[in-house]
Structure formats: C-alpha cells, structure tokens
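In: A predicted structure for the sequence below; I have some questions about it.
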Amino acid sequence: MARKLGDGRSASDRGALAANTVTGDAVAAVFRDEAGRLTASLVRSLGDFDLAEECVQDALVAALEHWPREGVPANPGAWLMTTARRKGIDRLRRDKRYQEKIAELERGTETSAEMGQHPNGTSQTMPDERLELIFTCCHPALAREAQVALTLRSVAGLTTREIARAFLVPESTVAQRLVRAKRKIVDARIPFRVPAANELAERLDEVLSVLYLMFNEGYLATGQRGAADRDLAREAEWLASLVVDLLPNEPEALGLLALTRLHQARAAARFDSKGQIVLLRDQERWKWDRQMIDDGTRLVGRFLRMGRPGPYQLQALIALAHADAPTWEETRWPDIVQVYDRLLSFNESPVVRLNRAIAVSHVAGPARALAEVDALADDLDRYHLFHATRAQLLRELERPDEARAADRRALELTENPAERALLKGRLQ
C-alpha cells in the first residue's frame, strides 16, 4: 500500500495528502477543545442531548470536508458553532413542531460568526453554557452514576470507553447509563440552567465529582488524546473556578480548585522533550510554576479557616505537601500518610488505599506497602497502576521476575502512550 501511494502520485498529490493529514489533526484538536461548548449551547437551544450531539458530529464531518480545501478558519470554534446550528436547522425543518427552536438556532447562528477569543481560548461574545449543562446533568432526579457519565460525555467530550475506564466498569454499563439519563431529562422536563442558590448545595457533590474526573482524564490523558494533551485538565480547572465564584464559602469547591492548581503547577516537568513521563522523584522542580503553587496555597488557607474538612481538601493537602518539598528526599511522607488515613474516613475506595500504600512504602518500607497493595488485588486487578505499583515495590524487594510480570500486566491494561513507553523501558 505504501509503495502504491509513493509511486502512483505526483509530488503535488503527495503534498496535498500530507496537508490533508495535518488538517485532519487540526480538526481533531479543535474538536476536542470545542465539543463540550458546542454541545452545551445546542442542548440549551434544542432541549435534546442526542440531537445536539448529532449536530456537533455533523459539524465535524463538514470541517473534515471543507478545511482541507479551504484551510482552517481564523476562528475554528465559531465556524463549528455556526455549522452545527445550521445542521440543526436543517434537521428541525423536517418537523413543523420545532419552528420556535429553529428561530432560536437562527438567532444563535447570526451571533456566533463574530466571536472573539479570551486568553483561555473561549469566546468573548458567545456565552459558555457548559456550567449550566453540568448542573443540568447533575439534577437530583438522575442517579449519581448517570449524572457523572452524562456530564463527562456531553461537557468533556469523553468517549464511552474513556468513561468506562475512569469508573473501571464495562462500556456497556456506561452506554446504558447514558441512554437512561437522557431519557430521564426529557421525561422529567429538567430545565437547562444553573439552579437557584438554595438548590446549589444538593448538586455540588456531583458537580465536583465530574470536574475531578474530567481533570484526571485530562491530566493523565488516557485514550487517544496522548499524554501531552492537557487541555481537558485546564478546562476542568477553569470550570472549578466558576463553581468557586458561585459558591465562595464551600470548602470542598475551594479544595478541588486548589488540588487542580497544585497539580497543574507541576505540568511542565511531567514530560521530557520526547514526551516521556518523568516521575515525581525525578522532576526538575525549578520547572514547577511557583505562581500556581502560591495560588493553590492561598486556596488551602481559605478552606482550612472554614474548619469543614472533606476529601478534595485532603487531597489538596497531599498535593501541597509534594509542592512544598524542596527535594524528593525532603517530602513529608509521615504527614502524607496521616492525611490519607483521614481521607479514608471519607472515601474507602481501593484506589485511595493504593495511593496510601505508596506513601507507606516511604515510611515503613516496601514489604509493608506490598502487603497492603496485594490485599487490593480482587478490586484492582484490571487497574494498570495497581500492577505498576506492585512492580516497583517488587523491584525494591529484589524480586525482578515477579516485577517484570507485574509490569507486563500493567502494559496490557493501559493505552496511554507515555505510560506504555515507561513500562516498556522498565521491561527492557
């Protein structure tokens, strides 16, 4: 196949093919950034999740058809929004019942073509309705699992497979949750809006859970996006800041925002020039963003003064303990273990226990930590970081054959290119 393409095309044909490939990558990148914003705007206008997603997909197809010939527009987000609205109008014109929705879409189409950009890359003139969409998806009429899955799908643009990986459940389970959630929103006539002040608290846990998973997905960049793509993490941090603006006296909202900023502060040091993961112990700490660490520290001070601890606040304290350490050797591991002990009183999940065991290894040694990790085998056998953690502890205990087997199992369970490269390096 490669020989036929190489010998059968002129230089200009091959150049056009390469341009199309680059443009296809550009379309994919823009679409990742804009999908949630487009979906949120269309759900507001249409009141229909499935139709909104179909219009967004139609806009993507149109971009793949037009951009290779015409070039990527100066404001690709506005182009996609205008096209998605027009696709929606075309669909709705087939049904007389939707004349009012057509008028609303047409009004939106007129304004979306003149959008500017703010430093975050979003529109200055078009309202960003993703926060409203998050609160709609997190309505108490929906089961919690459905709330989180629907928000990650509609707002963050995660695939069903990526959501399943985040929850460690089968894809079919997530697909069923999505179908039921969309049907429930229609049947219960759940409004698309940020709820009134007296309704905010009952949805806060779900909203924070969504943003936490959204941040993790972007920070770790699983699936097809690649390890260097942290746009989703920045969007989650920004949305968390909007929640804090809405609820400035909610310590858990402050905790989540602090957590995201303290992690983001280390982003520049997490990968080397070749895109390979740099583990925390090996990171060049001068690359850490001290301004973001200071911002995170101030947020920690705010929620500590409130005296109402919660899981996001405790995780922020762990992140701050790492950010505060001048060197890896000076990390306050006993303090981190104590915070994990407190965290377990809020969340006894196997993943929290796994992370605690890693901290224990630096206090009580690898043998003690391995015993705690092995106790989680039934719950985490399909979680790649469980096996990668076991491998590291086994190496420290000078059990190389078992360590290699654990690394091979971890390699089978992850698709992240940077994680795979790290594991292959260990095996070699």
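Out: Looks like it came in fine. Numbering: from 1, shown residues only.

In: Which element, helix or strand, includes the nearest residue in space to residue 391 that is not next to it in sequence?
Out: Among residues not flanking residue 391 along the chain, residue 406 sits closest, at 3.7 Å (C-beta to C-beta, 6 or more residues apart in numbering). The C-beta positions use only the backbone N, C-alpha and C, and glycine is treated the same way. Secondary structure from DSSP states H and E places residue 406 in helix 400-413.

In: pLDDT on that helix, on average?
Out: For helix 400-413, mean pLDDT rounds to 94.

In: On the C-terminal side of it, identify the next helix or strand.
Out: Taking DSSP H and E, what comes next after helix 400-413 is helix 417-427.

In: between that following helix and helix 400-413, how big is the angle?
Out: 160 degrees (axes from the mean of the first three to the mean of the last three C-alpha atoms, to 10 degrees).

In: Could you list the buried residues of helix 417-427?
Out: 417-420, 422-423, 426 (16 or more other C-beta atoms under 10 Å).

In: now swap in stretch 181-193 and tell me
Out: Neighbour-count burial for stretch 181-193 flags 181-182, 184-185, 190, 192 (criterion: 16+ other C-beta under 10 Å).

In: Next: stretch 364-374.
Out: Buried-residue list, stretch 364-374, by 16+ other C-beta under 10 Å: 364, 366, 369-370, 372-373.

In: could you check the distance from residue 239 over to residue 136?
Out: According to C-beta to C-beta, to the nearest Å, residue 239 stands 14 Å off from residue 136.

In: could you pull out the strands for this structure?
Out: Counting by DSSP state E, the chain forms no strands at all.

In: any weak-confidence spans in it?
Out: By pLDDT under 70, the low-scoring segments of the chain are 1-25, 32, 94-128, 221-231.

In: Look at residue 71 and say how many residues are nearby.
Out: A count of nearby residues for residue 71, using other C-beta atoms under 10 Å, gives 11.

In: Return the residues in contact with residue 300.
Out: 258, 313, 316-317, 320 (C-beta atoms under 8 Å, 6 or more residues apart in numbering).

In: try 6 Å
Out: The contact partners of residue 300, by C-beta atoms under 6 Å, 6 or more residues apart in numbering, come to 258, 316, 320.

In: For the first one, the count of nearby residues, please.
Out: Yep, that's residue 258 we're talking about. Using other C-beta under 10 Å, residue 258 has 29 neighbouring residues.

In: Then the last one?
Out: Residue 320 has 20 neighbouring residues, counting by other C-beta under 10 Å.

In: Then the second one?
Out: The criterion is other C-beta under 10 Å. On that basis, residue 316 has 30 neighbouring residues.

In: Look up how far residue 310 lies from it.
Out: For residue 316, the distance to residue 310 - C-beta to C-beta - is 10 Å.

In: Just give the number of residues close to the closest residue in space to residue 425 that isn't next to it in sequence.
Out: Nearest residue to residue 425 in three dimensions, chain neighbours excluded: residue 276, at 8.0 Å (C-beta to C-beta, 6+ apart). Neighbours of residue 276 under the rule other C-beta under 10 Å: 14.
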